[in-house]
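[1] Got a predicted structure here, sequence first:
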Amino acid sequence: MANDQHGQDDGVWLYCSNSAIRRAARRLGQLYDGAMESTGLKGTQFSLMTQIRRAAEPTLKELAEAMVMDLSALGHTLKPLIRDGLVELFPDPRDRRAKRVRLTPEGLARQQEMLGLWQQAQERFDAALGTKQSQELRRTLAFISSQEFAESFRHLEARDT
């Protein structure tokens, strides 16, 4: 098989966007997890805790939408953070049926600790890929994860059937 410029075979990875993105996501997950290993948490947990902090006590539904996760996957991911006292759920004061989520004081401290490690990993990523390419990749991936892209994809899927 022919090799592309990065030494990978030119099979499915260059032709299937889904496979290529999933493969890249697993590799990046491994690299960022390694960078944050000393905290005992994973990069995905850091991302979730950061989103909770940025959103200022979101509902579970809001958090799931922001993370592009379904509620059951979110619940599964939150369980160890709740168990370890880093995150807590509480009823929405306006709608007692809805649950909101926030970082505990310990969770805030751990997210801050992880922020420095994430920053180092981010700088290594930018240096390895190139700052301009990194920024463009993040813009592209942000668009792919957007509702706008999902609606466009579904519209084209309906047109093709």
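    Nice, thanks for sending it over.
[2] what residues are up against residue 97?
    residue 91 (C-beta atoms under 8 Å, 6 or more residues apart in numbering). From N, CA and C alone the C-beta is placed, and that goes for glycine too.
[3] Run through the strands of this protein in chain order.
    87-91, 99-103 (DSSP state E).
[4] If you count neighbours, what's buried in the last one?
    Neighbour-count burial for strand 99-103, with 16 or more other C-beta atoms under 10 Å as criterion, is recorded at 100, 101, 102, 103.
[5] Stretch 26-40 now?
    Those would be 32, 33, 35, 36, for stretch 26-40 by 16+ other C-beta under 10 Å.
[6] what's the least confident helix or strand in this structure, going by average pLDDT?
    Least confident helix or strand of the chain, by mean pLDDT, DSSP states H and E, is helix 12-15 with a mean of 72.
[7] Show the pLDDT at residue 5.
    Residue 5 carries a pLDDT value of 53.
[8] try residue 158
    80.
[9] from the buried residues of stretch 26-40, which two are the most distant?
    Within the buried residues of stretch 26-40, 33 and 35 form the most distant pair, 7.3 Å apart (C-beta to C-beta).
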